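Enquirer: Build me a model:
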Amino acid sequence: MAVAGVAGTVVAPVAAVAQSSSSIIVEGNQRVDADTIRSYFATDPGQSLTPAKIDEALKSLYATGLFSDVTISHRGGRLVVSVKENEVINRVAFEGNKKLKDEQLASEVQS
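Expert: Below you'll find the predicted structure:
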């Protein structure tokens, strides 16, 4: 059964696919720690991950604003979460400004 949520993808069978966060594999993360990503799959010890909990985790991961794409799939008895992190702005340069100083513009700019 495939269930799409927000803009990502969830592919999971009807039965539970992972018994705990330790059986969740995280791929593609560079700045966000894998344990942080796993924490969005809220389960108590011994509790199974249902498709509803997986979908909720997918929506929560997107809500962080840290990821441009999240794919959740089942591989070899484990849940695999593949993420693509949003780009980070390294530097902002102002060009052509004559009436205002760069410092004035920088104080007004937000990402």
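Enquirer: what helix or strand does the most centrally placed residue in the chain sit in?
Expert: Of all residues in the chain, the one closest to the mean position by Cα atoms, centre = their mean is Leu61, 3.9 Å from it. Counting by DSSP states H and E, the secondary-structure element that holds Leu61 is helix 51-63.
Enquirer: The residue nearest to the centre of the chain contacts Ile37, correct?
Expert: Yes. Shown here, Leu61 and Ile37 form a contact pair, counting by Cβ atoms under 8 Å, at 6.8 Å. For every residue, glycine as well, the C-beta is placed using N, CA and C.
Enquirer: Name the residues contacting each of these two.
Expert: When contacts are counted by Cβ atoms under 8 Å, 6 or more residues apart in numbering, Leu61 and Ile37 have 81, 83 as shared neighbours.
Enquirer: now the end-to-end length of stretch 74-83.
Expert: End-to-end span of stretch 74-83 (Cα to Cα, to the nearest Å): 15 Å.
Enquirer: Is it correct that Tyr40 falls within a strand?
Expert: No. Assessed by DSSP: H, G, I helix; E, B strand; the rest coil, Tyr40 does not belong to a strand; its assignment is coil.
Enquirer: show me the contacts for it.
Expert: Taking Cβ under 8 Å, 6+ apart, we find Tyr40 in contact with 57, 60-61.
Enquirer: Could you provide the residues you listed in a markdown table, with additional columns for distance to Asp102 and pLDDT?
Expert: Written out in a markdown table, the entries for the contacts of Tyr40 read as follows (distance: Cβ to Cβ, whole Å; pLDDT from 0 to 100):
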| residue | distance to Asp102 | pLDDT |
| --- | --- | --- |
| Ala57 | 42 | 93 |
| Ser60 | 38 | 95 |
| Leu61 | 36 | 96 |
